[in-house]
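[1] Quick one: sequence and predicted model below, then my questions.
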Amino acid sequence: MSLFGKKKENASITYISDGGASQTVAVPVGDSVMEGAISNGIDGIVAECGGACQCATCHVYVDDAWIGRLKPMDEGEDEMLNNAFSERRPNSRLSCQIQVTKELDGLVVKTPPAQQ
Amino acid sequence: MSHGVVILGAGQAGFQTATSLRQEGFAEPITLIGDEPGLPYQRPPLSKAFMLGKQEIGNATLRPERHYEQNRITLLTGQAAVAIDRAERRILLTSGSTVPFSSLVLAVGARNRKLPIEGADLDGVCYLRTAAEAIDVRGRFGSANEIVVIGGGFIGLELAAAAATLGKSVHVLEALPRLMQRIVSPVLSQFYRNLHESRGVRISTSVAIAKIEGEQGRVRGVRLSDGTLLPADLVAIGIGVVPNHELAAAAGLTVANGIAVDTYLKTDDPEIYAIGDCAEHPNQFAGGRVRIESVQNAVDQAKCVAAAIVGRSAAYHAVPWFWTDQFDASLQMVGLSSGYDHVVTRGEPESGKFSVFYFRGGTLRAIDSVNRPGEHVAGRKLIAAGVLVSPDQAADLSVDLKALALSAPS
């Protein structure tokens, strides 16, 4: 969402709930995968700290086809994931730390059973 | 007929109360009343990513409008309350309308402490708490070159860091002998002073201000009590906040340093709660009554009250945590260090990665970590569970804090 209304490119992101419900939405390039969920009313991502990598309530499991195509996580995200409520898995990421790029068009993430 | 819950204050705590009530299965009406215009939003980014132009206000919105529709939350924004009518169980708004309640949650927050000084009303003298104020300050950043920040606390230093990053000349003035004095230990104050100075920010501590000077209504500088004039085309003031407890006091509720609540976050009135920045509550991690200004406190107290309203009342016991981002230093804090009698540093401040452990009577009370997220995350478990950690263990880098944390009962 640009303050000046500039036209932005979107990427298509699919969020799959723990129960299997799938929603695909257009997320502006430059926003985070968390922001894409919040602005589209997708349950399963809470983001209590608002994207500051402080709370682990935007935890997602990234689809195996995509996990290797993301930029590696930094130490802050890696450590905060240890605080996630649901089980941490090898494909766990904090969605506030995944910035949407054109290359991520088609990204699929699954939300965990619970965030807190 | 139940009038449901009215939440006064649509900041982080008010928003979370409304949302958590629905998640708890609460079926009665929920009305969320805020005095600012627009959808509820987060404040933390305003002094950080937003100031740097890396985030827009729209992305700080807590939830889109349809969240309130779907959850049947009646959102009244741009509406200030003028009174709490306890006898009639209703809120009176400035618009003249009234809103009845069965339960009331006061999440009325705090407001900026004003600097009582000549010239504080000049054009170009700014405060920062609301989105409107943030938009104003960021707009002024564009043409401002010499910025004086009054107050060397979190907000002042975050603003200073953002301004310096944008290439502005910045001078921070602090009345106390060191930065963030009331919150952190001397080792952290010195680290942050060095950090800011290394990026070109001038820092003056133990400084007294005589007045703010202007020309034709516009600020032109800050006059210190020793006569020095610091030229400025923008003066940003961040000297703390005062709780909004006047309505509660006028309604006969006990106020102290905020609206006084018990361990269940209830005021003197069994159907009126107070949470977040405005609430003075007993806190086990403080060992006494405190008022805490943080996202964590707002969110966790909201959840506690939502649970109480649906009949699952429990004492508030969440571990406090905070954060501040300045330049490339991420400071994460857990616990409450007030009253500490001993500090231990783990790691070297010169490396830019270290933690400070605060002890009182031999008990670990708080940990402040700079660019050491692993120690912070372990610390949340250690402090919450009250794990015994000795000063020697804290200082010893060979002691595995994560393993100690894992040994804690969850």
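    Now that the structure is in, tell me what you want to look at. Residues are numbered from 1 along each chain as shown, chains lettered A, B, ... in the order given.
[2] Around chain A, which positions in chain B sit nearby?
    Contact residues (Cβ under 8 Å from any Cβ of the partner chain) of chain B with chain A: B:42, B:44-45, B:56-64, B:66-67, B:70, B:295, B:299, B:321, B:323, B:325, B:330, B:332, B:373-374, B:376-377, B:380, B:402. All C-beta spots, glycine's among them, are computed from the backbone N, C-alpha and C.
[3] Filter those residues down to just the ones in strands.
    Judged by DSSP state E, the subset of the residues of chain B next to chain A located in strands is B:321, B:323, B:325, B:330, B:332.
[4] now, the most widely separated pair of those?
    B:Trp321 and B:Asp325 (14.2 Å; Cβ to Cβ).
[5] higher neighbour count, these two?
    The neighbour comparison of B:Trp321 against B:Asp325 (other Cβ atoms under 10 Å in any protein chain shown) goes to B:Trp321, with 25 against 22.
[6] Let me know the pLDDT of that one.
    On pLDDT, B:Trp321 comes in at 98.
[7] Surely it and B:Leu336 touch.
    No - B:Trp321 is beyond contact range of B:Leu336, at 10.1 Å (criterion: Cβ atoms under 8 Å).
[8] what do the two both touch?
    Common neighbours of B:Trp321 and B:Leu336 (criterion: Cβ atoms under 8 Å, 6 or more residues apart in numbering or on different chains): none identified.
[9] Spit out the contact partners of the residue nearest the centre of chain A.
    Residue closest to the average C-alpha location in chain A (Cα atoms, centre = their mean): A:Ser95, at 2.7 Å. Residues counted as contacts of A:Ser95 (Cβ under 8 Å, 6+ apart) are A:32-34, A:37, A:45, A:47, A:58-60, A:109.
[10] Counting only helices, which of the residues you listed make the cut?
    A:33-34, A:37 (DSSP state H).
[11] okay, those in TSV with distance to B:Gly311 and neighbour count next?
    Conversion of the ones in helices among the contacts of A:Ser95 to TSV gives the following (distance: Cβ to Cβ, whole Å; neighbours: other Cβ atoms under 10 Å in any protein chain shown):
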residue	distance to B:Gly311	neighbour count
A:Val33	36	26
A:Met34	32	26
A:Ala37	31	26
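[12] Let me have those residues in a markdown table, extended by pLDDT and distance to B:Val241.
    Output for the ones in helices among the contacts of A:Ser95, formatted as a markdown table (pLDDT from 0 to 100; distance: Cβ to Cβ, whole Å):
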| residue | pLDDT | distance to B:Val241 |
| --- | --- | --- |
| A:Val33 | 98 | 33 |
| A:Met34 | 97 | 28 |
| A:Ala37 | 96 | 31 |
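[13] Quick one: end-to-end distance for stretch B:198-217.
    34 Å (Cα to Cα, to the nearest Å).
[14] whoops, I mixed them up, stretch B:67-80
    Terminal residues of stretch B:67-80 are spaced 22 Å apart (Cα to Cα).
[15] Point me to the residue of the stretch 101-250 of chain B nearest chain A.
    B:Ile135 (8.7 Å; Cβ to the nearest Cβ).
[16] Identify the residue nearest that residue in space, chain neighbours excluded?
    Distances taken as Cβ to Cβ, 6 or more residues apart in numbering or on different chains put B:Ile57 closest to B:Ile135, at 6.8 Å, once the chain neighbours are dropped.
[17] Correct me if wrong: the one you found contacts B:Ala49.
    No - applying Cβ under 8 Å, one finds B:Ile57 not in contact with B:Ala49, separated by 10.9 Å.
[18] Provide the secondary structure category for B:Asn194.
    State at B:Asn194, reduced to three classes by DSSP: H, G, I helix; E, B strand; the rest coil: helix.
[19] show me where the chain has helices.
    Chain wasn't specified; assuming chain A. Under DSSP H, chain A gives helices at A:33-39, A:64-67, A:75-81.
[20] try again with chain B
    B:12-23, B:65-70, B:131-141, B:154-165, B:186-198, B:246-250, B:295-309, B:373-385, B:391-395, B:401-406.
[21] These into a markdown table, with extra columns for mean neighbour count and mean pLDDT?
    Listed next are the helices of chain B as a markdown table, based on neighbours: other Cβ atoms under 10 Å in any protein chain shown; pLDDT from 0 to 100:
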| stretch | mean neighbour count | mean pLDDT |
| --- | --- | --- |
| helix B:12-23 | 25 | 98 |
| helix B:65-70 | 14 | 96 |
| helix B:131-141 | 17 | 96 |
| helix B:154-165 | 24 | 97 |
| helix B:186-198 | 18 | 98 |
| helix B:246-250 | 17 | 98 |
| helix B:295-309 | 24 | 98 |
| helix B:373-385 | 23 | 96 |
| helix B:391-395 | 16 | 97 |
| helix B:401-406 | 17 | 92 |
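[22] Which one, of those helices, ends up nearest to B:Gly352?
    Using Cβ to Cβ, these put helix B:186-198 closest to B:Gly352, at 8.2 Å.
[23] Could you list every helix and strand that the closest one packs against?
    helix B:154-165, strand B:202-204, strand B:321-326, strand B:329-335, strand B:354-360, strand B:363-370 (3 or more Cβ pairs under 8 Å, 6 or more residues apart in numbering or on different chains; DSSP states H and E).
[24] Show me which residues of chain A sit near chain B.
    So chain A meets chain B at A:1-3, A:31, A:35, A:38-41, A:48-52, A:54, A:75-76, A:78-80, A:82-83 (Cβ under 8 Å from any Cβ).
[25] circling back: B:Gln393: which of the contacts of A:Ser95 is nearest?
    A:His59 (30.2 Å).
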